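>>> Any chance you could fold what I've pasted below:
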Amino acid sequence: MTVKRYHEMGVTSCTATVLDCKALNDGNFDILLDETAIYPEGGGQLSDTGYIGSARVLHARDDGGYVWHTCDRAVAIGSKVDVKADKDVRLDHTQQHTGEHMLSGIAHTLFGCTNVGFHMAEDIVTVDFDKQLTQEQIDELELRVNEAIQRNEPTVIRTVTPEEYETIDIRKKAKGLKGEITIVYAGGVDSCTCCGTHCERAGEVGLLKIQSHTNYKGGTRIYFNCGMRAVISMQQDNARMDTIARRFSTSADRAVDAVIKQGDELADIKKELKRRTDALFAYRADELYAASDITKGVHAIVHIEQSIDMNELGMLGERICANKNAVAVLFTKKPGQLSYRVMRSKDVSLSMRELIQAINAMFNGKGGGRDDSAQGSAELSGSHLSLNEALEQLRNYLKKRLAG
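Okay, here's the model as predicted:
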């Protein structure tokens, strides 16, 4: 078994003996020590990084009580080595972990929440609670945690026997524990079994910033950061807000109102644009329908409409086919791209599913649809004249199909 020196508060270095060193397929090495100050990944907390002698420790894992260190080079078995965890990495992970304790403890006290999940990543930390929380509750939770951080109470670690453990009232009890059991009392607001690393006092967490929250599996997932992570995140948020404020020529505290106002104005403009587009397409549809070729009483419209998208092409087609006895074959162009929609009136029996296949073959395109409506697209090559010639061929094809 590896002696776990990282369980001693604040310990980030020790001297150890190398028990084993194995080459890995990726060129790294797995190193086993008789003791270590490098925390292995587990319980939601990330692994420390650091050094074993001159070997860089990339990751550590606990395998049945033996801590293996993945390193960038080999270390001689039997040698005595200095083991050093990266202090900045340890502090960051410890801040996040202790902050999670305090967040969970206060959520339990205030709202009766049970922590059902915890995960620490390089950029964000998440905790899952079994109850849905409102924005007001989230705000209160963040405030109370930071008040507790400022009180700067010590972290107390207590080791008990399984018999003592059964008599102790703590927030969260793990089941099936044997031997000596470690209980952590964090910041005067939380108590639970834990094997991670912790700040000596709550003030070392610095601050806790809740970034966002979402409903998750019937409860709430909270995304948060502590310490310098939270400071950097807040700086980034302020920079983004200042950019928005400058864009709207206002102050940061009025930027949200400015964005909402512009959003409302944009919504009104979109409504008016849709009304005008509908009126324009109604006029355009009547114009195309009146000027179309007629075969056996069916108006056949084969037409390119410039500077509109596929949705608008569909709107125009629907307007045309609101008339009786109409087939609309409509195209629109973008650089290097030809898009097309085909539609028919309800009283026309010609299959648009079959018509789209003919158009696909003509332009080497792809598309499909239903008997009453279909669409497709193709890469556009050749001159504008060749496209016009292709459309004329399509008009003749359509006439033959309608003529039977």
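>>> Report the secondary structure element holding the closest residue to Gln45 other than its chain neighbours.
Of all residues beyond its chain neighbours, the one nearest Gln45 is Gly196 (4.7 Å), with distances taken as C-beta to C-beta, 6 or more residues apart in numbering. To be clear about C-beta, it is placed using only N, CA and C from the backbone, and glycine gets the same treatment. When elements are defined using DSSP states H and E, Gly196 is found to belong to no helix and no strand.
>>> ok, now Gln393?
Applying DSSP H and E, one finds Gln393 within helix 384-403.
>>> for Glu272, same thing?
When elements are defined using DSSP H and E, Glu272 is found to belong to helix 255-290.
>>> Which other helices and strands does that helix contact?
helix 227-247, strand 298-304, helix 310-321 (3 or more C-beta pairs under 8 Å, 6 or more residues apart in numbering; DSSP states H and E).
>>> Would you mind giving those as TSV with mean neighbour count added?
Written out in TSV, the entries for those read as follows (neighbours: other C-beta atoms under 10 Å):
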stretch	mean neighbour count
helix 227-247	14
strand 298-304	21
helix 310-321	20
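>>> just to revisit the earlier point, show me what secondary structure element comes after the helix holding Glu272.
Using DSSP H and E, the helix or strand that follows helix 255-290 in sequence is strand 293-295.
>>> I'd like the distance from that following strand to the chain centre, please.
Mean-position distance between strand 293-295 and its chain equals 54 Å (C-alpha atoms, centre = their mean, to the nearest Å).
>>> Report the buried residues of that strand.
Thr295 (16 or more other C-beta atoms under 10 Å).
>>> that older thread, what's near enough to touch the residue nearest to Gln45?
With contacts defined as C-beta atoms under 8 Å, 6 or more residues apart in numbering, the neighbours of Gly196 are Tyr39, Gly42, Gly43, Gly44, Gln45, Thr94, His97.
>>> Buried subset of those as a PyMOL selection?
A single PyMOL command selects the buried members of these (16+ other C-beta under 10 Å):
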select buried, resi 39+44+45+94+97
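>>> Sort the contacts of Gly196 by pLDDT and name the bottom one.
Lowest model confidence among these falls on Gly43, which carries 81.
>>> Now that residue: closest residue in space, sequence neighbours ignored.
Here the nearest residue to Gly43 in space, its sequence neighbours aside, is Gly196; by C-beta to C-beta, 6+ apart that works out to 5.5 Å.
>>> Helix or strand next in line after the one helix or strand Tyr51 maps to, which one?
When elements are defined using DSSP H and E, Tyr51 is found to belong to strand 50-52. Along the chain past strand 50-52, the next helix or strand (assigned with DSSP H and E) turns out to be strand 55-63.
>>> With just CA atoms, put that following strand into CSV.
Once non-C-alpha atoms are left out, strand 55-63 reads as follows in CSV (Å, rounded to 0.1, in the frame of the first residue of the first chain):
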residue,chain,number,x,y,z
ALA,A,55,10.4,12.8,-14.2
ARG,A,56,7.3,14.9,-14.9
VAL,A,57,4.1,13.4,-13.4
LEU,A,58,1.3,13.7,-15.9
HIS,A,59,-1.4,11.9,-13.9
ALA,A,60,-1.9,9.7,-10.9
ARG,A,61,-4.4,7.0,-10.1
ASP,A,62,-5.2,4.8,-7.0
ASP,A,63,-5.4,1.1,-7.8
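>>> so what does it touch, helix or strand wise?
Strand 55-63 packs on strand 66-71, going by 3+ C-beta pairs under 8 Å, 6+ apart.
>>> Next secondary structure after the strand it packs on?
Going down the chain from strand 66-71, the next helix or strand is strand 80-85, by DSSP H and E.
>>> mean confidence score for that following strand?
Mean pLDDT, taken over the full extent of strand 80-85, equals 96.
>>> Stretch 278-287 too?
Mean pLDDT, taken over the full extent of stretch 278-287, equals 92.
>>> quick one: contacts of stretch 304-315?
Here stretch 304-315 makes contact (C-beta under 8 Å, 6+ apart) with 277-278, 281, 284, 316, 330-333, 339-341, 343, 375, 387, 391.
>>> Can you name the two of these that sit furthest apart?
Taking C-beta to C-beta as the measure, the contacts of stretch 304-315 reach their widest spread between Asp278 and Leu387, a distance of 28.5 Å.
>>> Show me which of those two is the more surrounded one.
Set side by side, Asp278 and Leu387 show more neighbours around Leu387, with 17 against 12, by other C-beta atoms under 10 Å.
>>> returning to what we had before: ok, of the contacts of Gly196, which one's closest to His213?
Each of the contacts of Gly196 was scored against His213 by C-beta to C-beta, and Gly44 proved nearest at 17.7 Å.
>>> which residues sit in contact with the residue lying closest to Thr12 once chain neighbours are set aside?
Using C-beta to C-beta, 6+ apart and skipping residues adjacent in sequence, the residue nearest Thr12 is Ala85, 4.3 Å away. Contact analysis of Ala85 by C-beta under 8 Å, 6+ apart lists Tyr6, Thr12, Ser13, Ala37, Ile38, Tyr39, Asp48, Thr49, Gly50.
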